[in-house]
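Colleague: this one's sequence-less:
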Ligand code: NAD
Ligand code: MG
């Protein structure tokens, strides 16, 4: 029986994970459930899954969580804040951690799980983008099993040799597929006035709002290029992105002998999560078999770097190193949040990131505290740029 700490339990990945746990009660139990701020949603999950611990990130919500768990008659203990979460993740109450918090908010708990030698199913790509170096050190020191949940990285993991014997010499390229998002095929001029609701209408995947906007700008793929570099120890110039609108081929490994291996499946995150839960075994994920005849045709095209400059910014940052990728991630989080709140237009997201990257916000440093300070400085810089832009008419939503 695996005892699972599910971080980001109320989100899209969280829901898919709980569905899998419910399908396999003989193999998995949710022992710790954690979420950001909505007590009612977290308590509803506790009623169904009866974990030992429930953690709410917002410390002001501790009393409300405690009271709601008690009035639901649950034995689940209430906790609040990131320190409490990190302590539980590293403790005896779980052997497996699903890292599905959105954004930099997931960094400390991701590192806590890796440092404590847990099996870590990692969806929180932002933590790899900010601190792939620290994550790798923690995994190597503790012997943690890191299993990528991001569907592309899960596909690559499945297509690479195990244990990753000699990928450096046998692999020519890693090819990440991108759906192209809801605005694929539109020219840059047509994107100035798109709304948050349109950006969140993903054609193939149902996801949280932040990653949906990232998919629309193609920054999601940029973050994933950086993520793949760290997870598979491959230089960024051997990573390529190809747009594949059907989202059936989840990514490919191109070997030096001319073989190309791909992982295919219906676009449903339960496949990747189930793989991480059961690895090296496989379990039923409740996902329908892929019908190749019904899928009929698979298209591939080059990304449009002019309409979607975020992808190029991410490649540039990856070449510069972890300080630049930390700044890229921080600026993206600030800009996406401003876009979702109607403060800036869609095209300004990439402008804010580019502007932030042009400022010298300092070095990455070699430890978590320094990395978080760099993240905070970059956020302040990006927020200044956001404040500059709403006054401009062109491209702003209001
Ligand atoms: P979501 O917005 O649906 O859910 C986010 C979860 O994080 C919620 O449970 C929320 O309560 C929690 N949260 C937010 N702030 C928090 C904080 N400060 N502390 C603790 N918890 C906090 O997002 P999602 O789509 O499930 O994505 C989660 C992560 O997985 C992201 O990093 C995303 O990039 C990655 N991912 C998602 C998908 C997908 O299909 N949804 C695919 C690949 C990767
Ligand atoms: Mg992905």
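Modeller: Cool, got the structure. Just so we're clear, the structure is a prediction, and the values are computed from it rather than from any experiment. Numbers count the residues shown, from 1 in each chain. Ligands and ions are numbered 1, 2, ... in the order given.
Colleague: going forward, measure contacts and count neighbours with C-alpha atoms only.
Modeller: OK.
Colleague: please name the residues that touch whichever residue of the stretch 1-150 of the chain sits closest to ligand 2.
Modeller: Of the residues in the stretch 1-150 of the chain, the one nearest ligand 2 is residue 150, at a distance of 4.5 Å by Cα to the ion. Residues near residue 150 by Cα atoms under 8 Å, 6 or more residues apart in numbering: 122-123, 125, 272.
Colleague: which element follows the worst-scoring helix or strand of the chain on mean pLDDT toward the C-terminus?
Modeller: Least confident helix or strand, the chain: helix 167-170 with a mean of 75, by mean pLDDT, DSSP states H and E. Counting by DSSP states H and E, the element after helix 167-170 in chain order, helix or strand, is strand 171-178.
Colleague: what about stretch 123-132 and ligand 2, touching?
Modeller: No: using Cα under 5 Å from the ion, stretch 123-132 never reaches ligand 2; the gap is at least 8.6 Å.
Colleague: and the residue of the stretch 1-150 of the chain closest to ligand 2, what's its pLDDT?
Modeller: Reading off the confidence values, residue 150 has pLDDT 98.
Colleague: below-threshold pLDDT in the chain: ranges please.
Modeller: Confidence mapping of the chain against pLDDT under 70 gives the ranges 163-168, 390-398.
Colleague: how is the chain divided into domains?
Modeller: Following automatic domain parsing, one gets these domains for the chain: 2-148, 150-398.
Colleague: what's the most buried one of the ones you listed?
Modeller: Highest mean neighbour count among the domains of the chain (mean count of other Cα atoms under 10 Å): domain 2-148, with a mean of 21.
Colleague: what comes into contact with stretch 263-283?
Modeller: Residues from elsewhere that reach stretch 263-283 (Cα under 8 Å, 6+ apart): 13, 16-17, 20, 121, 147-151, 154-156, 158-159, 204-205, 247-252, 284-290.
Colleague: next: stretch 199-210.
Modeller: Contacts of stretch 199-210 (Cα under 8 Å, 6+ apart): 11-13, 102, 179, 181-183, 212-213, 215-216, 246-247, 267-268, 333, 336-337.
Colleague: what is the longest helix belonging to the chain packed up against?
Modeller: Scanning the chain for the helix with the most residues, using DSSP state H, yields helix 368-388. Here helix 368-388 touches helix 125-142, helix 322-340, helix 346-358, going by 3 or more Cα pairs under 8 Å, 6 or more residues apart in numbering; DSSP states H and E.
Colleague: which positions in the stretch 51-200 of the chain make contact with ligand 1?
Modeller: 57, 100-103, 105, 123-126, 150 (Cα under 6 Å from any ligand atom).
Colleague: closest one to residue 40 out of those, please.
Modeller: Among those, residue 57 lies closest to residue 40 (Cα to Cα), at 13.5 Å.
Colleague: was I right to think the closest one contacts residue 39?
Modeller: No: using Cα atoms under 8 Å, residue 57 and residue 39 do not qualify as a contacting pair, with a distance of 9.9 Å.
Colleague: can you tell me the SS state at residue 343?
Modeller: Here residue 343 is coil, with the state taken from DSSP: H, G, I helix; E, B strand; the rest coil.
Colleague: how about it, phi and psi?
Modeller: phi -90, psi -30 (degrees, to the nearest 10).
Colleague: for the protein, just list every one of the strands.
Modeller: Using DSSP state E, the strands of the chain run over 2-7, 28-35, 53-56, 77-80, 96-99, 119-122, 145-148, 171-178, 239-243, 249-255, 260-264.
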